[in-house]
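> Mind folding the following:
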Amino acid sequence: MFCQSKSENYNPHQQPQIIGGRTVQPARKNILDISDYLNLNMKHSLGQGSAGKVLKVYDFELKKEQAIKLYEDEKYFQTEQNIINSLPKGLPVLKNLDEKQQKFLSFLLRNQESVIPKGYRFRKDLFIENRQRLALIMDVYDVNLAQFLYDIAESELFDMEERIYLAKVVFAKIFLCVYHLHQNGLIHCDISLDNFLVLTNQDQETLQIFINDFNHTKFKQNAIINSQQISGKHFPPEVQITGPATCVIHTQDHTINAKRLDFFSLFCVYYQIFGILKIPKEQIDSDTEYVMRYFYYPLEDYEIICQHVIDKIFNLHVDEEFMRYLLVETYDYPDCVQLINFKENAKLIDIMVKLQEDKRIFEKIQLNYQHDQEKNLLQFNFKVFQQEEQGKFNENNQQQQLFVDQTQREYNAIVQIDLDQGYLCFSYQTKPSYLIQQGPQWFERFKKLVLQAIGPNNYENLPIGLNQQQYQQQEQEEQKQLDQQ
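I've put the predicted structure just below:
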């Protein structure tokens with residue numbers, strides 16, 4: 001499946017070689033060298049969490065991009081491998097639906113065979129960063145759910161009624177994914193918008209959503225976890241965060257039911273969907289608030305999914321025309337482009353500097369840049385600040401009114417421009433986080449902002465990555481030599 005290193009023997013002291021313009025690491029016997037197919041010039045992290053980082057790579061033999069999660073802890077590798085090998089197949093089953101609800105359910109799951117992504121492959125034979133690594137390899141989907149929603153919101157193509165309808169459709173799909181796990185005795189314990197993948201098909205007019213990332217999933221329906229086992233991005237009120245990797249659970253026995261994490265996270269992601277789509281709190285109807293309140297603090301036993309909640313979630317009409325209109329948009333923002341029509345460095349610098357005045361996506365943008373005269377390379381270091389909202393219910397009020405907390409997050413992005421070759425490449429830096437998994441949606445939004453400023457007529461998407469381009473050039477040169485012989 002992967003190109004094996006051309007080095008015949010591995011020497012731990014052997015230095016990397018430059019072959020055909022690309023870096024080739026020394027290879028172990030029976031160990032696949034990731035540098036032989038990793039697109040080094042476009043490498044960036046697709047995510048960072050407690051289990052490790054995820055890289056986007058290019059598989060030369062499959063001729064498509066792949067995602068590779070590199071595990072820092074063998075425990076997480078074994079946990080996710082065990083969970084994925086036991087994931088339920090097929091689709092969730094909902095009982096006691098009336099004709100309207102059944103029609104809506106069929107609409108949500110059209111042409112979808114499972115709510116779990118396909119193509120998981122676990123590997124122990126990859127060599128990267130000078131050591132053998134444990135890895136999970138899977139296909140790269142269109143985009144994660146958070147980025148999908150941000151793109152919809154920024155397009156400004158939909159009115160308030162359409163955005164509210166989309167919010168309810170998306171949450172119904174999320175609920176189906178989580179409910180399917182619960183039906184089969186699995187509790188995810190790390191639900192966030194970043195952990196859902198989106199696959200769109202304009203020909204079939206389908207929007208499919210899959211649940212992903214099972215590092216912390218529990219096998220038991222009534223799994224009880226303590227402060228050392230707790231994980232995820234959203235924590236209920238009885239969990240107090242005390243440090244980067246510590247928390248206190250304020251219950252009688254200082255433990256919490258794992259399903260409580262999933263239920264509270266469902267409330268959080270539902271509220272976030274409304275926030276991202278710029279739907280004011282005043283537009284949240286009574287049915288939606290009922291569902292939010294239920295997941296915020298369910299009054300039913302954890303073994304029971306309230307039938308009233310299911311009734312409200314799936315009591316929507318099927319709007320084929322809206323979904324058809326929705327899927328016209330595309331969500332592919334390249335990591336590297338070929339600049340055209342730029343002959344003056346000053347013009348590029350001016351475009352980047354003016355981004356600091358753009359308030360459409362980020363609350364604030366700061367920039368430092370430098371010009372490496374020796375390599376003729378421009379590097380722009382951006383700090384972007386994004387306002388994020390989190391909804392809560394005021395439990396001191398018997399009416400349980402919904403209120404909003406706002407926080408500002410800072411992210412770091414890098415734009416590098418090779419002035420000789422005319423390549424512009426994006427990357428970003430992130431601080432490791434053990435409790436909060438940082439998703440890439442802000443980075444995709446940043447790339448979109450930069451490319452809009454450059455202008456669609458001033459760049460071309462590279463059909464293949466830089467490293468693959470060099471690889472093919474090398475193969476062509478070798479073939480010419482063989483032909484001459």
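
> how would you label residue 279: helix, strand or coil?
coil (DSSP: H, G, I helix; E, B strand; the rest coil).

> Quick check: pLDDT value at it.
In this model, residue 279 is scored at 93, pLDDT.

> Wait, it touches residue 159, no?
No: with contact defined as Cβ atoms under 8 Å, residue 279 does not count as touching residue 159 (11.0 Å). (Each C-beta comes from the backbone N, C-alpha and C, glycine too.)

> Show me which of these two is the more surrounded one.
Legend: neighbour count by other Cβ atoms under 10 Å for residue 279 and residue 159, higher for residue 279 (18 against 9).

> Would you verify that residue 135 is located in a strand?
Yes: the assignment for residue 135 is a strand, going by three-state DSSP.

> beta partners for it?
Per DSSP bridges, the residues bridged to residue 135 are residue 70, residue 123.

> Do I have it right that it meets residue 71?
Yes: with contact defined as Cβ under 8 Å, residue 135 counts as touching residue 71 (6.9 Å).

> Now do the buried residues in the longest helix anywhere in the chain.
Scanning the chain for the helix with the most residues, using DSSP state H, yields helix 160-183. Going by neighbour count (16 or more other Cβ atoms under 10 Å), the buried part of helix 160-183 is 162-182.

> Which neighbouring elements make contact with the helix or strand just after it?
Once the chain leaves helix 160-183, the next helix or strand it forms, by DSSP states H and E, is strand 196-201. Judged by 3 or more Cβ pairs under 8 Å, 6 or more residues apart in numbering; DSSP states H and E, the packing partners of strand 196-201 are strand 143-144, helix 145-155, strand 206-211.

> give me that answer again for 6 Å
In terms of contacts (3 or more Cβ pairs under 6 Å, 6 or more residues apart in numbering; DSSP states H and E), strand 196-201 is packed against helix 145-155, strand 206-211.

> helix or strand right after the last one?
Downstream of strand 206-211, the next assigned helix or strand under DSSP H and E is strand 224-226.

> So, low pLDDT: which residues of the stretch 51-200 of the chain?
60-61, 129-130 (pLDDT under 70).

> do the stretch 351-485 of the chain as well
For the stretch 351-485 of the chain, the ranges with pLDDT under 70 are 388-405, 430-441, 463-479, 481-482, 485.

> same thing but at 80, please
Across the stretch 351-485 of the chain, the ranges flagged by pLDDT under 80 are 360-361, 387-407, 429-445, 456, 461-485.

> ok, which stretches of it are strands?
Under the criterion DSSP state E, counting those that start in this stretch, the stretch 351-485 of the chain contains strands at 364-372, 377-393, 402-418, 423-429, 459-461.

> Comparing the ones you listed, which comes out most buried?
With neighbours taken as mean count of other Cβ atoms under 10 Å, those reach their highest mean count in strand 423-429, at a mean of 18.

> Return the list of strands paired to that strand, each annotated with direction.
Strand pairing (DSSP bridges) places strand 423-429 next to strand 336-339 (antiparallel), strand 402-418 (antiparallel).

> hmm, who's touching the helix or strand where residue 274 lies?
Element membership of residue 274 [criterion: DSSP H and E] is helix 258-276. Under the criterion Cβ atoms under 6 Å, 6 or more residues apart in numbering, residues 149-150, 153, 167, 170-171, 178, 187-189, 191, 193, 218, 223, 225, 232, 234, 236, 292, 295-296, 298, 302, 389, 391 lie in contact with helix 258-276.

> go on, stretch 190-197?
Residues from elsewhere that reach stretch 190-197 (Cβ under 6 Å, 6+ apart): 141, 144-146, 209-213, 216, 231-233, 262, 265, 269, 439.

> I'd like the helices and strands packed on strand 196-201 written out as TSV, with mean neighbour count and distance to residue 309 added.
TSV is the format used below for the helices and strands packed on strand 196-201 (neighbours: other Cβ atoms under 10 Å; distance: least, Cβ to Cβ, whole Å):
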stretch	mean neighbour count	distance to residue 309
helix 145-155	21	21
strand 206-211	21	19
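
> okay if I get the ones you listed as JSON lines plus distance to residue 443?
What follows is the helices and strands packed on strand 196-201, written out as JSON lines (distance: least, Cβ to Cβ, whole Å):
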{"stretch": "helix 145-155", "distance to residue 443": "9"}
{"stretch": "strand 206-211", "distance to residue 443": "21"}
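
> Mind checking these for the one nearest to residue 366?
Closest approach to residue 366 among the helices and strands packed on strand 196-201 (Cβ to Cβ): helix 145-155, 21.0 Å.

> From the contact counts, what lies against the closest one?
Using 3+ Cβ pairs under 6 Å, 6+ apart: helix 145-155 touches strand 196-201, helix 258-276, helix 441-454.

> out of these, nearest to residue 320?
Nearest to residue 320, of these and by Cβ to Cβ, is strand 196-201 at 14.3 Å.

> mind saving the C-alpha coords of the closest one as PDB?
Taking Å, rounded to 0.1, in the frame of the first residue of the first chain, the C-alpha atoms of strand 196-201 are listed here in PDB:
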ATOM      1  CA  PHE A 196     -17.700  14.500  13.500                       C
ATOM      2  CA  LEU A 197     -16.700  14.200   9.900                       C
ATOM      3  CA  VAL A 198     -18.700  15.400   6.900                       C
ATOM      4  CA  LEU A 199     -19.000  13.800   3.500                       C
ATOM      5  CA  THR A 200     -21.100  15.600   0.900                       C
ATOM      6  CA  ASN A 201     -22.300  14.300  -2.400                       C
END
